[in-house]
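> Could you look at this predicted model? Sequence included:
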Amino acid sequence: MSEEVIRVSHLDKMYKLYDRQRDRLRDSLGLTRKKLYHEHYALKDVSLSIKKGETVGIIGTNGSGKSTILKIITGVLSPTSGEVSIEGRLSALLELGAGFNMEFTGLENVYLNGTMSGFSKSEIDARLKDILDFADIGEFINQKVKTYSSGMFVRLAFAVAINIDPEILIVDEALSVGDVFFQNKCYHKFEEFKAQQKTILFVSHDLSSISKYCDRVILLDRGKKLAEGRPKEIIDMYKKVLVHQMDSDMAGSETVDKDGKLLDSKTEAKGTWKSHLTLNPSNDTYGNGIGHITDFCLIDNSGSITNTLIKGDSFTVKVKAEFEDHVSEPIIAVSIKNRMGVEITGTNTMFEKISTGEFNKGDTLTATFTQDMFLQGGEYLVSLGLVGYREGDFTVYHRLYDIFNIQVISSKDTVGYYDMNSEVTIDKKAAEQDPYPGKAE
């Protein structure tokens, strides 16, 4: 059994919330015996352990207690109750520029942070070149930190954190600020640390990174530990939490059968499919109203309505429409854009050579698009359309632009927008035997 380097036992962190500032003052001075505050538990009875050499991720919605537990583990915050034990030299990167003096230069902050971590000047001198090479901010190292961009901040802070020879590295969302090349450099360092049997604990909303690098994942929800286990299993559970299909006391899911009927009885009472998605609150919609899209959903390969998909899995988009007048051969369309608004892919019933038929007032149709997800990991936006030809003219009945997002979780990305899903084989002897493979003329 591997050695445990972090153990958290029955951890609580409670904050007192006051309706009025004077109540806070009266309570702090002991001027009343009456309870003047509401109790808010950022963490409630959380226990976990992390073994030497593990890379463990913590995920959860905003306000679930992720950052709070890291701050308690690193000693930045004190728990209300419970115990934390650490075995080994710990380095933490919790907040952008945390521990930096804004009036000091970058170089002075390197020595300040190194000293705070227990290193002598000579020990910092020995690591200085590695720190500066990793940060790669050039002459800005001699400028005051208050002049730095957010990218420079995180480069230097991370460079210091990983080059003081930690046995345990704790990171809280810091990598989301750096550019893609710096993030790649950091994750290469993660892999080096894993090979050296160092322990990494990090919080991230980047589920692709969680899936790729973590040996184990812990899911927090509203201050409680909901589950822990292998990345894919916990990410699937997190997908349900994101769309309120699971709470801390009961694990349940909203699933859809082949006809689009919601299977769970509690779900049926909740109504529409789209109510179980995270929707764009400021979407653009227009059309002449002769037909309109009444409902839609994204369904993963387990049958759950979700905004999150695993790269390589099959998924389904369902679109339901209703008509206010006679319409012949309406066209249902689905398109996907990246975050910059570039249209990546899409299709419609006309492209797919599907005849939709004739519809009168009050009639409805449901179109189902099923395919495999081979877009690269990242965030995408989905638009839906109900269009057609009316008296020979192209007509927009209803369009919903960027109505919901898809987050694609990937453990392997290639070049460009989508994965060619190549099968690659290597035969070292092939070139020696036949330098020009193929059919001879």
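Ah, there it is.
> Identify all residues paired with the nearest residue to Y37 once chain neighbours are set aside through a beta bridge.
Using C-beta to C-beta, 6 or more residues apart in numbering and skipping the chain neighbours, the partner closest in space to Y37 is K16 (4.0 Å). For the C-beta atoms, the positions are set from N, CA and C on the backbone; glycine is no exception. Beta-bridge partners recorded for K16 (DSSP bridges): E39.
> confidence score at K16?
pLDDT recorded at K16 is 87.
> Surely it is in contact with K35?
No: counting by C-beta atoms under 8 Å, K16 stays clear of K35, with 9.4 Å between them.
> in stretch 191-207, what counts as buried?
Under the neighbour-count criterion of 16 or more other C-beta atoms under 10 Å, stretch 191-207 has 193-194, 198-204, 206-207 buried.
> I'd like to know which of the residues you listed are part of helices.
193-194, 207 (DSSP state H).
> Among those residues, which one lies nearest to I290?
For these, the minimum distance to I290 (C-beta to C-beta) is 40.3 Å, reached by L207.
> Please name the nearest non-neighbouring residue to that closest one.
I409 (4.5 Å).
> ok, now which ones touch that neighbour?
Applying C-beta atoms under 8 Å, 6 or more residues apart in numbering, one finds that I409 lies in contact with 207-208, 210-211, 235, 308-311, 377.
> Quick one: the helices in the stretch 251-400 of the chain, in order.
Here the stretch 251-400 of the chain has its helices, by DSSP state H, counting those that start in this stretch, at 265-270.
> same thing with the stretch 1-150 of the chain?
21-28, 66-73, 106-116, 121-135, 150-162.
> Any stretches of the protein with poor pLDDT?
By pLDDT under 70, the low-scoring segments of the chain are 1-2, 95-98, 174-180, 243-270, 430-441.
> Quickly list the domain ranges of it.
4-242, 265-409 (automatic domain parsing).
> before we move on, the earlier item: can you name the two of the contacts of I409 that sit furthest apart?
The widest separation within the contacts of I409 (C-beta to C-beta) is 14.6 Å, between I210 and L309.
> pretty sure S64 is touching Y238, no?
No: between S64 and Y238 there is no contact, the gap being 9.9 Å when judged by C-beta under 8 Å.
> could I get the domains of the chain as JSON lines with distance to V415?
Formatted as JSON lines, the domains of the chain follow (distance: least, C-beta to C-beta, whole Å):
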{"stretch": "domain 4-242", "distance to V415": "12"}
{"stretch": "domain 265-409", "distance to V415": "9"}
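> Of all those domains, which one is nearest D427?
D427 lies closest to domain 265-409 among those, at 25.8 Å (C-beta to C-beta).
> from the chain's centre, how far out does the closest one sit?
23 Å (C-alpha atoms, centre = their mean, to the nearest Å).
> gap between T306 and K224?
In this view, T306 and K224 are 22 Å apart by C-beta to C-beta, to the nearest Å.
> Now for K51, how many residues are close by?
Look at K51: counted by other C-beta atoms under 10 Å, it has 15 neighbours.
> let me fix that: L48
So L48, with other C-beta under 10 Å, has 19 neighbours.
> Run through the bridge partners of it.
Applying DSSP bridges, one finds that L48 bridges with V8.
> Now that it has come up, it's in contact with V217, right?
No: contact between L48 and V217 fails when scored by C-beta under 8 Å: they sit 11.2 Å apart.
> overlap in contacts of the two?
Common neighbours of L48 and V217 (C-beta under 8 Å, 6+ apart) are E228.
> Quick check, I305 in contact with H276.
Yes: using C-beta under 8 Å, I305 is in contact with H276, at 4.3 Å.
> hang on, the earlier thing: which one's more surrounded, T306 and K224?
For T306 versus K224, the count of surrounding residues by other C-beta under 10 Å is larger for T306: 26 against 18.
> How about the contacts made by the nearest residue to that one once chain neighbours are set aside?
Once flanking residues are discounted, T306 sits nearest to K239: 4.5 Å by C-beta to C-beta, 6+ apart. Applying C-beta under 8 Å, 6+ apart, we find K239 in contact with 300, 304, 306-308.
> cool, Y41 as well?
Per C-beta under 8 Å, 6+ apart, neighbours of Y41: 12-15, 223.
> isn't F158 right next to L94, touching?
No: using C-beta under 8 Å, F158 makes no contact with L94, being 11.6 Å away.
> what is S85 paired to in the beta sheet?
So, taking DSSP bridges as the rule, S85 has R7 as bridge partners.
> Hmm, R7 and it touching each other?
Yes: between S85 and R7 a contact is recorded at 4.8 Å, counting by C-beta under 8 Å.
> The two - which one has more neighbours?
Neighbour tally, S85 and R7, criterion other C-beta under 10 Å: the higher count belongs to R7, 15 against 12.
> correct me, but that one touches K52?
No: between R7 and K52 there is no contact, the gap being 12.0 Å when judged by C-beta under 8 Å.
> what's around V396, how many residues?
For V396, using other C-beta under 10 Å, the count is 14.
> for it, what are its contacts?
286-288, 385-387.
> out of those, which one sits closest to M350?
Of the contacts of V396, the one sitting nearest to M350 (C-beta to C-beta) turns out to be V387, at 9.0 Å.
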